[in-house]
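[1] predicted model, plus sequence, below.
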Amino acid sequence: MLFLYFSASTNLANRKATYSKTSTNDSHRPPEAIDGESNSYFQSSTSANQWWRVDLGGSYYIGVIRVYSSQYEKFQQVSIFLSNIGTVPTSPLNLPNNNDWTELPLQFSLKESGDDFVTNVTSSQDGSLIEARHIAVYSTSNDGLVINEVEVYGYEVLTRNVAVGKSVGSSSVTLYIPSPRTADKANDGLINSDDFYRSEKDVGDQWWKVDLDTQYFIVGVLVYNHKNLISRLQKAHLLAANMNIDPDPDSTEWTELYYQDKYITHSVPDNYFQYNPIDEGDPLSVYRYVAVYSTYKPGLVISEVLVFGIDKSELLVKNLRAELKDPDCVVVNWETPLTDTYTFQYQVRYGSRPWKDTNTSLSDKECGFSAYKKVEVEVIVVGSDKTERTTLTTNCADPSKPREESLQHVEVTNLGRKMWKYNISWKLSSVCCYYYIIFQIIHHIFYIQQAPTNINCESITEYNIRYPDVTSEEIVTTDTSYEVYVEGGVEFTLSVRAVNNMGLHSDYLDITETSPDIAPQWGSATVTIETLNSSCVELTWSRPEYPGGDITSYQLICTNMATMEKLPSTSTSQTVCGYSAYTLVECNISAENTAGFGEYIEFNSVYTSCEAPVLHLPANLSSYVKQEESLNFIRIILNTSDVDVTVNCDELTQFSIQSGYRDRVYRCW
């Protein structure tokens, strides 16, 4: 059975597990030979039969082994051994007398420092290579072994040759030289045998094709010339198609995979050309028919065509994983079904949504899913007819933002004054997600699609309210309405948000309103009245405690005022005059806004002050004076009818008489 291998682009030995028979010290131990540093090195003891080996960690088909040494005198009589068993004895390795190991032909010795030892593990004529997991370097020299770096380049088995024994066709009749050189000789599984296909001589535009029976992802094609004939494999087009029509490079039904314009020798091992999608940078594509078309006039000779393909129904993505990112987003990741070296195109589908191309990406993200939504994710390699699936259920998301349902207000008396009572109610936005309830009744299953009781989770557990502004401390309620009492002419904001049973909350709904004015109410405001003199009083007041809106003016009325006096809204005092002495003065004041004048508040009543009493004596007062020197005093004798007193107060309490000698006080009579 034939295999196809494509060279790995990285050193398979780099930093893998290493072992040795001996080593000189910690600075030159076995790992130094695979650390990627040319200046470091492994060094064994100075004795014969020293070995170093590396475990590649898995089996590979070995193509190239390169060993560097900076000390050529310690790299003499060296052999390379390969082993493919899972584990080999660490010590002793017992090379070369160990049946677990295969020795590559020829020993090698470096001739100068800095030289390198290279072994190309060439393929045999059937295309197979040596499969190995362990690589060993072995020296029989008494000088021991020094290795600066080991590089191993291997190959991977991708698939078998799917063209063997399949139905074929060709452009020309059979030639007998000396046996029939029919088209089926080019896919009989025998390379470089004496059976081969040969087209008609001296005729250009010859072709050969094979029907693979089903579609395959083509991962490689090898086309061999016959080993002992002059070249008949020039100017050759390698074509692929999915329709059974004659090959033609100019046909839109055929795709050119490769064009071989160089001379193909008939000498082994250079008597073939190869199509490798990796080398060409092509993504793997699906085809059923493969053809070789040559414009070379001497004709077409093909010893064997090897087509390596993978059945499209077998090519699935690997390790498909889906996870939630954000409440409504699904992220899906997967791995390539082969190695990272091979390029595929992919498509992804989420539930019933359309397929979407991801080009060559190995991940995708899709958003906009409802909470508690079961999402099936499918990923397919473009060209395959089989998808890989996974499912997940979205988590709870933030509940939807409430929306205002009604806002009503009525004037009421509260806390001893007029206020507005607002009733604000709300409800959640429209339901946007669904869940399935499954009832099983007598082996029949019914799927009933229902909306959850509330948005984006099992239930709404509470509402958070902020009032009277967005900076207020939150109030928690389970109701869908809220009452507040508001003064007149006040702007307020009530904010409400929903919280579901997972503690997730919606955005706030902000309801901002300005209450209508209510006529001013004095509340605990202060008013004072003071007597200034016998004709004036002074009034002072503070603004109403509950203005109910912007104050526009004041209205004042006092004793003896014929009409109300209107004062500016900025006033806080007023002097009222024009009264007689000792007059009782009473005043009231009210404030005005757009709702009108409010209630009056009454000042305490006061009297204007008294005037000084006036004594009117007779003009001939001297006639009433009687001097009594003997008694050392003056006596004035008046009758009440002779004296006139203007009191301007409640009563006259006393007289005060002043003389040159002393003051004397006499009571009224």
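    Yep, that arrived. Numbers count the residues shown, from 1 in each chain.
[2] from now on I want contacts and neighbour counts done on CA atoms only, so please keep to that.
    Will do.
[3] how about the helix or strand hosting Ser59: buried residues?
    Using DSSP states H and E, Ser59 sits within strand 50-68. In terms of neighbour count (16 or more other Cα atoms under 10 Å), strand 50-68 has its buried residues at 50-56, 59-65, 67-68.
[4] dump that strand to CSV, keeping only the CA atoms.
    Output of strand 50-68 as CSV, limited to C-alpha atoms (Å, rounded to 0.1, in the frame of the first residue of the first chain):
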residue,chain,number,x,y,z
GLN,A,50,28.8,6.6,23.2
TRP,A,51,25.2,7.4,22.2
TRP,A,52,22.7,10.3,22.4
ARG,A,53,19.0,10.0,21.5
VAL,A,54,15.8,12.0,21.3
ASP,A,55,12.2,11.0,21.7
LEU,A,56,10.1,12.9,19.2
GLY,A,57,7.0,12.3,21.3
GLY,A,58,5.2,10.5,18.4
SER,A,59,5.8,8.6,15.2
TYR,A,60,6.8,10.4,12.1
TYR,A,61,8.1,9.3,8.7
ILE,A,62,11.6,10.6,8.7
GLY,A,63,12.9,12.5,5.8
VAL,A,64,15.9,14.5,6.8
ILE,A,65,18.3,14.2,9.8
ARG,A,66,20.9,17.0,10.3
VAL,A,67,23.5,16.9,13.0
TYR,A,68,26.0,19.8,13.7
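[5] quick one: name whatever helix or strand follows it.
    Sequence order places strand 78-83 as the next helix or strand after strand 50-68, per DSSP H and E.
[6] next secondary structure after that next one?
    With DSSP H and E, the next secondary element past strand 78-83 is strand 102-103.
[7] rewinding a little: which elements pack onto the strand holding Ser59?
    strand 17-20, strand 116-120, strand 131-139, strand 149-160 (3 or more Cα pairs under 8 Å, 6 or more residues apart in numbering; DSSP states H and E).
[8] centre of the chain to it, how far?
    44 Å (Cα atoms, centre = their mean, to the nearest Å).
[9] surely Val290 and Leu239 touch.
    Yes: here Val290 reaches Leu239: they are 5.7 Å apart, a contact under Cα atoms under 8 Å.
[10] so for those two, which sits in the more crowded spot?
    Neighbours were counted for Val290 and for Leu239 using other Cα atoms under 10 Å; Val290 has more, 26 against 22.
[11] now do the contacts for that one.
    209-212, 238-241, 307 (Cα atoms under 8 Å, 6 or more residues apart in numbering).
[12] JSON lines please, covering those residues and showing secondary structure, pLDDT and distance to Pro105.
    Compiled in JSON lines, these are given as follows (DSSP: H, G, I helix; E, B strand; the rest coil; pLDDT from 0 to 100; distance: Cα to Cα, whole Å):
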{"residue": "Lys209", "secondary structure": "strand", "pLDDT": "97", "distance to Pro105": "39"}
{"residue": "Val210", "secondary structure": "strand", "pLDDT": "97", "distance to Pro105": "39"}
{"residue": "Asp211", "secondary structure": "strand", "pLDDT": "97", "distance to Pro105": "41"}
{"residue": "Leu212", "secondary structure": "strand", "pLDDT": "96", "distance to Pro105": "39"}
{"residue": "Leu238", "secondary structure": "strand", "pLDDT": "95", "distance to Pro105": "36"}
{"residue": "Leu239", "secondary structure": "strand", "pLDDT": "97", "distance to Pro105": "39"}
{"residue": "Ala240", "secondary structure": "strand", "pLDDT": "97", "distance to Pro105": "40"}
{"residue": "Ala241", "secondary structure": "strand", "pLDDT": "97", "distance to Pro105": "44"}
{"residue": "Val307", "secondary structure": "strand", "pLDDT": "90", "distance to Pro105": "31"}
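[13] now the two most distant members of those.
    Farthest pair in the contacts of Val290 (Cα to Cα) is Leu212 and Leu238. Separation: 15.1 Å.
[14] this protein: helices as residue ranges?
    Here the chain has its helices, by DSSP state H, at 277-280.
[15] more neighbours: which of Leu212 and Leu238?
    Neighbour count, other Cα under 10 Å: between Leu212 and Leu238, Leu238 has more, with 28 against 20.
[16] what about that one, distance to Val331?
    40 Å (Cα to Cα, to the nearest Å).
[17] likewise Val54?
    Look at Val54 and Val331: by Cα to Cα, they are 40 Å apart.
[18] Leu316 now?
    Taken as Cα to Cα, the span from Leu316 to Val331 is 19 Å.
[19] more neighbours: those two, which one.
    The neighbour comparison of Leu316 against Val331 (other Cα under 10 Å) goes to Leu316, with 20 against 16.
[20] ok, and the closest non-adjacent residue to the more buried one?
    Spatial nearest neighbour of Leu316, chain neighbours left out: Pro337 (5.9 Å); criterion: Cα to Cα, 6 or more residues apart in numbering.
[21] give me the neighbour count for the one you found.
    Using other Cα under 10 Å, Pro337 is surrounded by 16 other residues.
[22] looks like Leu392 contacts Glu378 (just checking).
    No: using Cα under 8 Å, Leu392 makes no contact with Glu378, being 11.7 Å away.
[23] which one of these two has more residues nearby?
    Neighbours per residue (other Cα under 10 Å) separate Leu392 from Glu378, with Glu378 holding more: 19 against 16.
[24] list the contacts of the closest residue to the more buried one other than its chain neighbours.
    With sequence-adjacent residues excluded and distances taken as Cα to Cα, 6+ apart, Glu378 is closest to Arg389, at 4.5 Å. By Cα under 8 Å, 6+ apart, Arg389 lies in contact with 320, 376-379.
[25] among the residues you listed, the buried ones, what's the ChimeraX command?
    The ChimeraX command for the buried members of the contacts of Arg389 (criterion: 16+ other Cα under 10 Å) is given here:
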select :320,377,378,379
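[26] turn the contacts of Arg389 into a markdown table, including distance to Thr512 and pLDDT.
    Supplementary listing: the contacts of Arg389 in a markdown table, determined by distance: Cα to Cα, whole Å; pLDDT from 0 to 100:
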| residue | distance to Thr512 | pLDDT |
| --- | --- | --- |
| Leu320 | 50 | 95 |
| Glu376 | 44 | 95 |
| Val377 | 45 | 96 |
| Glu378 | 48 | 96 |
| Val379 | 50 | 96 |
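[27] what's the closest of the contacts of Arg389 to Lys427?
    Lys427 lies nearest to Glu376 out of the contacts of Arg389, by Cα to Cα, at 32.3 Å.
[28] is it true that the closest one touches Thr394?
    No: between Glu376 and Thr394 there is no contact under Cα under 8 Å: 10.8 Å.
[29] gap between Asn593 and Ser303?
    109 Å.
[30] neighbour count: those two, which is higher?
    Comparing Asn593 with Ser303 by other Cα under 10 Å, the one with more neighbours is Ser303, at 27 against 21.
[31] OK, contacts around the more buried one?
    Counting by Cα under 8 Å, 6+ apart, Ser303 touches 185-186, 190-193, 195-197, 223-227.
[32] show me where the stretch 551-669 of the chain dips below the pLDDT cut-off.
    Residue ranges of the stretch 551-669 of the chain with pLDDT under 70: 625, 627-648, 650-669.
[33] pull the number of nearby residues for the closest residue to Lys421 other than its chain neighbours.
    Once flanking residues are discounted, Lys421 sits nearest to Tyr485: 4.6 Å by Cα to Cα, 6+ apart. Look at Tyr485: counted by other Cα under 10 Å, it has 18 neighbours.
[34] my guess is Tyr485 contacts Asn423, does it?
    No: under the criterion of Cα under 8 Å, Tyr485 makes no contact with Asn423, lying 9.0 Å away.
[35] which intervals of the stretch 301-450 of the chain have sub-threshold pLDDT?
    Applying pLDDT under 70 to the stretch 301-450 of the chain flags residues 430-450.
[36] please repeat the previous calculation with a cut-off of 90.
    301-304, 306, 308-316, 324-329, 336-344, 359-361, 368-374, 385-386, 393-400, 428-450 (pLDDT under 90).
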